[in-house]
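Peer 1: only geometry, no sequence info:
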């Protein structure tokens, strides 16, 4: 037990050092990027620093598997140089049992990443987008989604327009139970349009079987205030993609809310592949961390005098990066529907994990 706690402590110390080293490195590079992006804006340095802090958590969330692998590599190299791992094996412990406490720590870090780091990163990137749009004074069509349906706002020549739809179907190309309200530049309502459904085409919102209410006629002659129109179209920059983007990103949703979000998006007629993919990724992340630990110790936990430790470190880093990018590639294929999600999520972890475990046991016997 004492040796297990000692190895776990050494691993956590290595993890903290690598984690904060990556934080400083990412923060520096992103700060320099934001300085160029905000050229000519007031308080450029301060705003660039704020944007860098907001986006750093997103990069850390994506890089966590590599951080785990590099932490394990630093931990195992230190043990290799001091021959502590050789001594633990000489006391009767197998190699796998010696690092069992490290595997437990990596699994717990995987759970922390799922339940704390990933949702935090999702909220931070939302604040980042809002802050960047504010600094750039960027105005665009806004889409908000709540329990009452879709709310869209866009500018017009005479003021602005509010569009409400109870639901969407056909992957966002059809809006159901649509209400449109036109306002002048002073915020006074001009007219209203009601329709059972509308088609969202390119740069056009087409309503059919419309009831129009003109507010300026209500005061003078209420009987003529409403009229029926067969069709009417409005220019719009709103796209079906904006509707699906109006939903919370999968990266911002906690695991306990993911099933509810999947049902909500599915009932609106949109594809739920990216949400289902993220759900599987959340389940798989702790096991991915375990594989990264095995890769980190695979080539280094031997007597440092009997082999070139530099080559082993390079091999371990290359293997970890290969697994990381291989999994991202499979995830992209899964979200596009090219391969089943279960294969896209688990095949890289299982295949590379089994190979790494086989080599680990081989090196232990050899």
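Peer 2: Yep, that arrived. None of these values were measured; they are calculated from a predicted model.
Peer 1: tell me how many other residues surround residue 318.
Peer 2: 11 (other Cβ atoms under 10 Å). C-beta coordinates here come from the backbone N, C-alpha and C atoms, glycine included.
Peer 1: which SSE is it in?
Peer 2: helix 309-335 (DSSP states H and E).
Peer 1: just residue 199 next, same as before
Peer 2: Going by DSSP H and E, residue 199 is in strand 189-201.
Peer 1: what strands line up against the next helix or strand after that strand, and which way round?
Peer 2: Downstream of strand 189-201, the next assigned helix or strand under DSSP H and E is strand 204-214. Strand 204-214 pairs in its sheet with strand 189-201 (antiparallel), strand 226-235 (antiparallel), by DSSP bridges.
Peer 1: I'd like the average pLDDT over strand 204-214.
Peer 2: On average, the pLDDT along strand 204-214 is 85.
Peer 1: likewise stretch 276-296?
Peer 2: Here stretch 276-296 scores 90 as its mean pLDDT.
Peer 1: burial check on residue 238, number of neighbours?
Peer 2: 23.
Peer 1: looking at this, it is in a helix?
Peer 2: No. Counting by DSSP: H, G, I helix; E, B strand; the rest coil, residue 238 falls outside a helix, being coil.
Peer 1: what separates the most centrally placed residue in the chain from residue 119, distance-wise?
Peer 2: By Cα atoms, centre = their mean, the chain has its centre lying nearest to residue 251, at 3.2 Å. With distances taken as Cβ to Cβ, to the nearest Å, residue 251 is found 8 Å from residue 119.
Peer 1: what about residue 27, neighbour count?
Peer 2: Neighbours around residue 27, by other Cβ under 10 Å: 17.
Peer 1: pLDDT value on it, please?
Peer 2: 92.
Peer 1: residue 65 versus that one, what's the distance?
Peer 2: 20 Å.
Peer 1: try residue 87
Peer 2: Counting by Cβ to Cβ - residue 87 and residue 65 are separated by 30 Å.
Peer 1: neighbour count: the two, which is higher?
Peer 2: Neighbours were tallied for residue 87 and for residue 65 using other Cβ under 10 Å; the higher tally belongs to residue 65 (22 against 12).
Peer 1: now the helices for this protein?
Peer 2: 2-37, 44-82, 84-90, 95-98, 100-112, 118-135, 215-220, 240-245, 255-267, 273-298, 309-335, 341-365 (DSSP state H).
Peer 1: off-centre distance for the shortest one?
Peer 2: So that's helix 95-98. Relative to its parent chain, helix 95-98 has a centroid offset of 34 Å by Cα atoms, centre = their mean, to the nearest Å.
Peer 1: would you mark the buried spots in that helix?
Peer 2: Buried positions in helix 95-98, judged by neighbour count with 16 or more other Cβ atoms under 10 Å: 95, 98.
Peer 1: and what of the longest one?
Peer 2: Buried residues in helix 44-82, counted by 16+ other Cβ under 10 Å: 44, 47-61, 64-77, 79-80.
Peer 1: and it, what does it pack against?
Peer 2: helix 2-37, helix 100-112, helix 118-135, helix 273-298, helix 309-335 (3 or more Cβ pairs under 8 Å, 6 or more residues apart in numbering; DSSP states H and E).
Peer 1: contacts for the shortest one?
Peer 2: By Cβ atoms under 8 Å, 6 or more residues apart in numbering, the surrounding residues in contact with helix 100-112 are 4-5, 7-8, 11-12, 15, 64, 68, 72, 75, 285-290, 292-293, 297.
Peer 1: buried ones only from these, please, as a PyMOL command.
Peer 2: Applied in PyMOL, the following selects the buried portion of these according to 16+ other Cβ under 10 Å:
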select buried, resi 4+7+8+11+12+15+64+68+72+75+285+286+287+288+289+290+292+293+297
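Peer 1: rewinding a little: quick one: the strand holding residue 199 to chain centroid distance?
Peer 2: With Cα atoms, centre = their mean as the basis, strand 189-201 stands 34 Å off its chain's centre.
Peer 1: likewise for stretch 96-114?
Peer 2: 23 Å.
Peer 1: same question for stretch 168-181.
Peer 2: Worked out by Cα atoms, centre = their mean, stretch 168-181 lies 27 Å from the chain centre.
Peer 1: could you do stretch 18-31 as well?
Peer 2: Put simply, stretch 18-31 sits 19 Å off its chain's centre (Cα atoms, centre = their mean).
Peer 1: for it, which outside residues touch it?
Peer 2: For stretch 18-31, contacts defined as Cβ under 8 Å, 6+ apart pick out 48-49, 51-53, 55-56, 59-60, 63, 67, 70-71, 74.
Peer 1: repeat that for 7 Å
Peer 2: Residues from elsewhere that reach stretch 18-31 (Cβ atoms under 7 Å, 6 or more residues apart in numbering): 48, 49, 52, 55, 56, 59, 60, 63, 67, 70, 71, 74.
Peer 1: can you put the residues you listed in CSV and add pLDDT and distance to residue 353?
Peer 2: Formatted as CSV, the contacts of stretch 18-31 follow (pLDDT from 0 to 100; distance: Cβ to Cβ, whole Å):
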residue, pLDDT, distance to residue 353
48, 85, 41
49, 88, 40
52, 88, 35
55, 86, 31
56, 90, 29
59, 88, 25
60, 90, 23
63, 90, 20
67, 94, 18
70, 92, 18
71, 93, 18
74, 89, 21
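Peer 1: I'm done for today, thanks for sticking with me.
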